[in-house]
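**Q** Just the structure for this:
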Amino acid sequence: MIWFVLILAGIFEMIGVLTISNFNQHRSIKNFMLLVISFTFSFSFLYIAMKYLPTSVAYSVWTGIGASGGAILGIVLFDEPKNKARILFICLIIVSVIGLKIVG
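**A** Next comes the predicted model:
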């Protein structure tokens, strides 16, 4: 169950990254509130997960989900470059997160 909470934290981190981009393009109170809410949920779920998981594992997994998810969303939603090297490094982040889950 705690891994599900950590994954939720990572998903809200990805949403937070999207809302930053959206806020930079369209500054409004609505977009600002979405940004604050998404990061509030992200940090709240991370806080809960860190009560039960080692800090190094929880933070690494959370960061990995946010970083790889943000990069994937950038490719899909914002036409960012999708060259082989970029895809390889995103895959390495994902494999590292899975490895931490396995050994954690």
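**Q** pLDDT weak spots in this protein?
**A** 104 (pLDDT under 70).
**Q** now the helices: where do they sit in it?
**A** 2-25, 29-50, 55-78, 84-103 (DSSP state H).
**Q** can you redo the ones you listed as TSV with mean neighbour count?
**A** Placement of C-beta: from N, CA and C, glycine included. Below are the helices of the chain laid out as TSV (neighbours: other Cβ atoms under 10 Å):
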stretch	mean neighbour count
helix 2-25	18
helix 29-50	16
helix 55-78	17
helix 84-103	13
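**Q** Distance check, residue 91 against residue 74.
**A** Distance, residue 91 to residue 74, using Cβ to Cβ, to the nearest Å: 15 Å.
**Q** which residues does residue 18 contact?
**A** 70, 73, 77 (Cβ atoms under 8 Å, 6 or more residues apart in numbering).
**Q** An error on my part: the question was meant for residue 50.
**A** 58, 59.
**Q** Likewise for residue 72?
**A** Here residue 72 is in contact with residue 90 (Cβ under 8 Å, 6+ apart).
**Q** tell me, what residue is most central in this structure?
**A** residue 66 (1.7 Å; Cα atoms, centre = their mean).
**Q** Quick check, that residue in contact with residue 14.
**A** Yes. Contact criterion Cβ atoms under 8 Å: residue 66 and residue 14 qualify, at 5.8 Å.
**Q** what do those two both touch?
**A** Joint contacts of residue 66 and residue 14 (Cβ under 8 Å, 6+ apart) do not exist.
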